[in-house]
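no sequence on this one, just coordinates:
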């Protein structure tokens, strides 16, 4: 079973480790190799844990947890494993949207199973609860999963650059306005 829930402070280490694994896989050849090799799961975990406690700007983290038959190979039978996470809060940059989804990372073995969509829905529902009428996400221009956001109805509304590993990297901002368009796109399909 795969469940989506609000992250707990005790999840921070697993979130940091997953962040590193996903970046090393998804951004190989896009971001500098030395930067990817130097990513620290411990440092990232500390940042996520700090943000979970802070909650400034309506910030929240949601995790996808696999257990039972859906648990990763080698897991203990009663062990639940974090296989993905999403985070967001009020937009860090004024003018584009009220809310921002900061992260969406998913273990490669769990893609194409609806888990990313469910994480996006949890983040979008949270943003609406904290008063956001629109949502956006910054995506590296060369991110191979940019199609996912387009599939959910995100439209490119801005282009920019960020610095990663000391190098400029092109990115695009994708918007859902109103936020209900993202909630509708991530709603569970009716059972036949």
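Done, it's in. Note that the structure is a prediction, hence the values are computed from the model and not measured.

looking at this protein, which helix or strand does the model trust least?
Using mean pLDDT, DSSP states H and E, helix 41-54 stands out as the lowest-scoring helix or strand of the chain, at a mean of 92.

outside of that helix, which residues touch it?
With CB atoms under 8 Å, 6 or more residues apart in numbering as the test, helix 41-54 has contacts from 7-9, 12-13, 15-17, 19-20, 59-61, 87. To be clear about C-beta, it is placed using only N, CA and C from the backbone, and glycine gets the same treatment.

ok, of those residues, which one's closest to residue 109?
Nearest to residue 109 among those is residue 17, at 14.6 Å by CB to CB.

Got the phi and psi for that closest one?
Backbone geometry at residue 17, expressed as degrees, to the nearest 10, gives phi -70, psi -40.

so how many other residues sit close to it?
Residues lying near residue 17 (other CB atoms under 10 Å) number 15.

Among the contacts of helix 41-54, which lie within strands?
Judged by DSSP state E, the subset of these located in strands is 60, 61, 87.

Which parts of this protein are helices?
Listed in chain order, the helices of the chain (DSSP state H) span residues 12-26, 33-37, 41-54, 115-129, 146-151, 180-185.

for those helices, which one ends up most surrounded?
Across these, averaging neighbours per residue (mean count of other CB atoms under 10 Å) puts helix 115-129 on top, at a mean of 21.

Who are the packing partners of it?
Of the remaining helices and strands, those touching helix 115-129 by 3 or more CB pairs under 8 Å, 6 or more residues apart in numbering; DSSP states H and E are strand 2-6, strand 60-66, strand 81-90, strand 99-106, strand 135-140, helix 180-185.

hmm, try it at 7 Å
Applying 3 or more CB pairs under 7 Å, 6 or more residues apart in numbering; DSSP states H and E, one finds that helix 115-129 contacts strand 2-6, strand 60-66, strand 81-90, strand 99-106, helix 180-185.

Is it possible to get CSV of the helices of the chain that adds distance to residue 65?
What follows is these, written out as CSV (distance: least, CB to CB, whole Å):
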stretch, distance to residue 65
helix 12-26, 9
helix 33-37, 26
helix 41-54, 15
helix 115-129, 10
helix 146-151, 21
helix 180-185, 22
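
so which of those comes closest to residue 92?
helix 41-54 (12.1 Å).

distance between stretch 51-67 and the chain's centre?
10 Å (CA atoms, centre = their mean, to the nearest Å).
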